[in-house]
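In: turn this into a model:
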Amino acid sequence: MEINDLTPAEARVWRAFATGEAVDFRSAEDEDAADGATWGAERTVRASVLRALLLAGPQREGETAALHLAGARVTGPLELQYATVDHPVRLRHCHFDDAPRLYAARLRELNLSESVLPGLISHAVRVDGVLRLTRTRFGGMVRLGGAEVTGSLYLEGARIDAPDAEGPVLQLNQASLGADLWAPGLHTSGQTRLTGASVAGTLNLKDAVLDAPGGAALDAQGLSAGSGVTATCLRARGRLDFRGARIPGTLDLAHARLSCPGDTALRASSCVIGELWLFRGERVEGALKLRRSQIDKLTLAPDMVPDEVYLSDLTYTALLPHVPAAQRLPALERDGDGYVPYAYEQLSAAYRRIGDDDAARLVQLAKQRRHRRTLPWYGRAWGLLQDAAVGYGFRPLRAGGWLLSLLAVGSVAYGLHHPPPLKPAESPDFSPVFYTLDLLLPVISFGQENAFAPEGGYQTLSYVLIIMGWILATTVIAGVTRTVSRQ
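Out: Okay, the predicted model is just below:
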C-alpha cells in the first residue's frame with residue numbers, strides 16, 4: 001500500500017508506526033467510543049490499512065515499530081487470520097464497525113481497552129504477552145476458544161451484550177493462560193464458557209455480573225486454576241457450573257448472590273478444591289450440588305444453604321463457621337439423594353476434630369433417626385424403642401432413668417405386698433429392692449427371684465419387669481456396640 005493512497009488520518013498513523021509513536025484522535029479524555037459511528041473522516045482509519053501496517057509496515061533502524069492508536073473509527077473487518085504480527089497492537093478508545101478476525105493469529109501484544117466492538121473472532125489466537133480488554137464493550141460474541149496467552153487476560157469492567165447470540169457470548173473453552181484471568185466487574189448478558197480452560201494464576205470475577213437466566217451463566221467444567229477463583233460479590237442469574245474443576249486455592253463466593261430458581265444454582269461436583277467459601281451472602285436460589293468433591297476447608301453459612309442440596313460422597317476436613325449441629329442437620333434432611341449416611345459421618349467427624357463431642361453425638365443420633373424412616377414397620381418399631389430407651393446409645397443416662405423408675409415401681413409394689421416364699425424354711429429375708437433388681441437385670445442374680453412367687457396382679461407386674469429388663473439390656477448393648485464399632 002502506498003502512502004499516497006491514504007487519507008490524512010491514515011497517513012498520520014502510517015508515519016507514527018515506524019517509531020511506535022502514539023496517535024490520539026480524541027478531543028477529550030472522557031470521550032465515549034460508543035459514539036464512534038458519528039466520527040468523521042478526520043479520525044477514520046480503514047482496517048485494511050492497519051492490516052498492511054502490521055504485516056509489512058515501515059520500520060526504522062534502532063526503533064521498535066508498534067501500532068499505538070486511540071480515538072479512531074476503524075471501518076471494515078481487521079483480517080489477520082493465521083497471520084504473525086511481531087509488533088505490539090494497541091487500539092484503545094476505538095470504535096470498530098466490524099468484528100476483528102484474528103483466528104489462529106500470533107500476536108506479540110493486543111490491547112483493545114475502552115474500545116467498542118460488535119464482537120471478536122479470535123479462536124486459537126496466540127498472544128506472546130498480555131491480552132487487554134479492560135472496559136471494552138462488545139455488541140456480539142467474544143470468541144477466544146482455544147486461545148493461548150502467555151501472560152494475563154484482562155477483562156475488568158468489560159461488557160458483553162449479545163442478545164441474539166447462538167451460544168456463549170464469551171468463549172474461553174480450552175483456553176490456556178500463563179498468568180491470570182483478571183475480570184473484576186465483568187458484565188455478560190449470556191453464557192460465559194470456560195470449559196477445560198487452564199489459568200496458571202488467579203481467576204478474578206469479583207463484582208462480576210453474569211446474566212443468563214434459565215441457562216448456564218458460567219460453564220467452567222474441567223477448569224484448572226493454578227491459584228484460586230475470586231468471585232466475591234458475584235451476581236449470577238443462571239447456573240454456575242464448576243464440575244470437575246481443580247482449584248488448589250480458594251473458590252471464594254463470599255457475599256455472592258446466586259440465583260437459578262427451579263434449576264441448579266451452583267454445581268461443584270467431582271471437584272478438588274482447597275477452600276470453598278460460601279458465606280455472608282444471600283440465600284442461594286436453586287439447588288446446591290457438591291457430590292463427590294474433595295474440599296480441605298468448607299466455609300458454608302447455614303443461612304445460605306438452599307432448600308435442595310446434593311452432598312453424597314462429599315469429603316471435607318474442616319467445616320466453618322462452627323455452629324450448633326441443629327443448624328447443620330436440616331441441610332442433610334433436604335438432600336435430594338435421600339438418606340445419605342456418609343453426609344452424616346462427615347459432619348460428625350468435623351465436629352469431633354474440633355472437640356465438640358456433644359454435637360458429634362447429636363449428628364449420629366439424627367443419622368439413626370433418619371435411617372429409621374427407611375426401614376419396614378418392624379424395623380421402625382424397634383428403632384423407636386431404642387430411641388426412647390437409650391437414644392440409640394447416644395443417651396445412655398436414659399437407661400439409668402428407666403431402670404430407676406422401674407425399680408421404684410417394683411420396690412413400692414412388692415414392699416406393700418410381699419410375695420409368698422416358695423420354701424418358707426429355706427427362703428432368705430425378703431427385700432423388695434433386690435427382688436425387683438433380680439427381675440430387671442437378666443444376668444445378675446441376688447437369690448430373690450427364685451425364692452418368692454408373686455400372685456395375681458403382682459405376678460403380671462413381675463413379667464412386665466422381666467420383659468422391660470431384657471429390652472433395656474438389649475438396647476444398651478446395641479448402643480454400646482454401635483459406639484464402639486464407630487470408634
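
In: residue ranges in the stretch 1-150 of the chain under the pLDDT threshold?
Out: 1-3 (pLDDT under 70).

In: can you list the weak-confidence ranges in the stretch 301-450 of the chain?
Out: For the stretch 301-450 of the chain, counting by pLDDT under 70, the residues that fall below are 388-390, 392-393, 395-399.

In: strands of that one, start to end?
Out: Secondary structure of the stretch 301-450 of the chain (DSSP state E, counting those that start in this stretch): strands at 309-310, 315-320.

In: and those strands as JSON lines, adding mean neighbour count and distance to residue 294?
Out: (Glycine included, C-beta is placed from N, CA and C.) Output for the strands of the stretch 301-450 of the chain, formatted as JSON lines (neighbours: other CB atoms under 10 Å; distance: least, CB to CB, whole Å):
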{"stretch": "strand 309-310", "mean neighbour count": "22", "distance to residue 294": "15"}
{"stretch": "strand 315-320", "mean neighbour count": "17", "distance to residue 294": "5"}
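
In: can I get those in JSON lines including distance to residue 332?
Out: Listed next are the strands of the stretch 301-450 of the chain as JSON lines, based on distance: least, CB to CB, whole Å:
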{"stretch": "strand 309-310", "distance to residue 332": "8"}
{"stretch": "strand 315-320", "distance to residue 332": "12"}
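
In: so which of those strands comes closest to residue 274?
Out: With CB to CB, the closest approach to residue 274 among the strands of the stretch 301-450 of the chain belongs to strand 315-320: 10.4 Å.

In: which one of the strands of the stretch 301-450 of the chain lies closest to residue 375?
Out: Short answer: strand 309-310, nearest of those by CB to CB, at 23.3 Å.

In: packing partners of that closest one?
Out: Contact here means 3 or more CB pairs under 8 Å, 6 or more residues apart in numbering; DSSP states H and E; on that basis strand 309-310 packs against strand 285-289.

In: give me the contact list for stretch 348-358.
Out: With CB atoms under 8 Å, 6 or more residues apart in numbering as the contact definition, stretch 348-358 has outside contacts at 316-319, 322, 325, 359-360, 363-364, 367.

In: for residue 214, state which of those residues is nearest.
Out: Closest approach between the contacts of stretch 348-358 and residue 214, by CB to CB: residue 316, at 31.0 Å.

In: how about the helices in the stretch 351-487 of the chain?
Out: 357-372, 377-390, 396-416, 432-440, 457-486 (DSSP state H, counting those that start in this stretch).

In: okay, buried residues for the shortest one please.
Out: Right, the one you point to is helix 432-440. 432, 434-440 (16 or more other CB atoms under 10 Å).

In: output those in JSON lines, with distance to residue 463 appended to each entry.
Out: Converted to JSON lines, these look like this (distance: CB to CB, whole Å):
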{"residue": "432", "distance to residue 463": "17"}
{"residue": "434", "distance to residue 463": "18"}
{"residue": "435", "distance to residue 463": "14"}
{"residue": "436", "distance to residue 463": "13"}
{"residue": "437", "distance to residue 463": "16"}
{"residue": "438", "distance to residue 463": "14"}
{"residue": "439", "distance to residue 463": "9"}
{"residue": "440", "distance to residue 463": "12"}
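
In: which one of those residues is nearest to residue 178?
Out: Among the buried residues of helix 432-440, residue 440 lies closest to residue 178 (CB to CB), at 76.0 Å.

In: tell me how many other residues surround the nearest residue to the closest one once chain neighbours are set aside.
Out: The shortest distance from residue 440 to any non-neighbouring residue, by CB to CB, 6 or more residues apart in numbering, is to residue 469 (3.9 Å). When counting by other CB atoms under 10 Å, one arrives at 21 neighbours for residue 469.

In: any idea of the pLDDT on residue 469?
Out: Note for residue 469: predicted pLDDT of 80.

In: from residue 442, how far off is it?
Out: Counting by CB to CB, to the nearest Å, the gap between residue 469 and residue 442 amounts to 6 Å.

In: before we move on, what about residue 36?
Out: 93 Å.

In: more neighbours, those two?
Out: A count of neighbours by other CB under 10 Å puts residue 36 above the other of residue 36 and residue 442, at 21 against 13.

In: pretty sure the more buried one contacts residue 73?
Out: Yes. Contact status for residue 36 versus residue 73: in contact at 4.7 Å, counting by CB atoms under 8 Å.

In: quick check: neighbours shared by those two?
Out: Taking CB under 8 Å, 6+ apart as the criterion, residue 36 and residue 73 both touch 94-95.

In: tell me which element residue 27 is part of?
Out: Residue 27 belongs to no helix or strand when elements are defined using DSSP states H and E.

In: list the contacts of the closest residue to it other than its chain neighbours.
Out: Of all residues not flanking residue 27 in the chain, residue 71 sits nearest, at 7.9 Å (CB to CB, 6+ apart). By CB under 8 Å, 6+ apart, the contact set of residue 71 is 24-27, 31, 33, 43, 93-94.

In: can you rerun that using 7 Å?
Out: Each residue near residue 71 by CB atoms under 7 Å, 6 or more residues apart in numbering is listed here: 24-26, 31, 43, 93-94.

In: secondary structure and distance to residue 218 for the residues you listed - can I get that in JSON lines?
Out: Shown next, in JSON lines, are the contacts of residue 71 (DSSP: H, G, I helix; E, B strand; the rest coil; distance: CB to CB, whole Å):
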{"residue": "24", "secondary structure": "strand", "distance to residue 218": "36"}
{"residue": "25", "secondary structure": "coil", "distance to residue 218": "37"}
{"residue": "26", "secondary structure": "coil", "distance to residue 218": "35"}
{"residue": "31", "secondary structure": "coil", "distance to residue 218": "33"}
{"residue": "43", "secondary structure": "helix", "distance to residue 218": "38"}
{"residue": "93", "secondary structure": "coil", "distance to residue 218": "29"}
{"residue": "94", "secondary structure": "coil", "distance to residue 218": "29"}
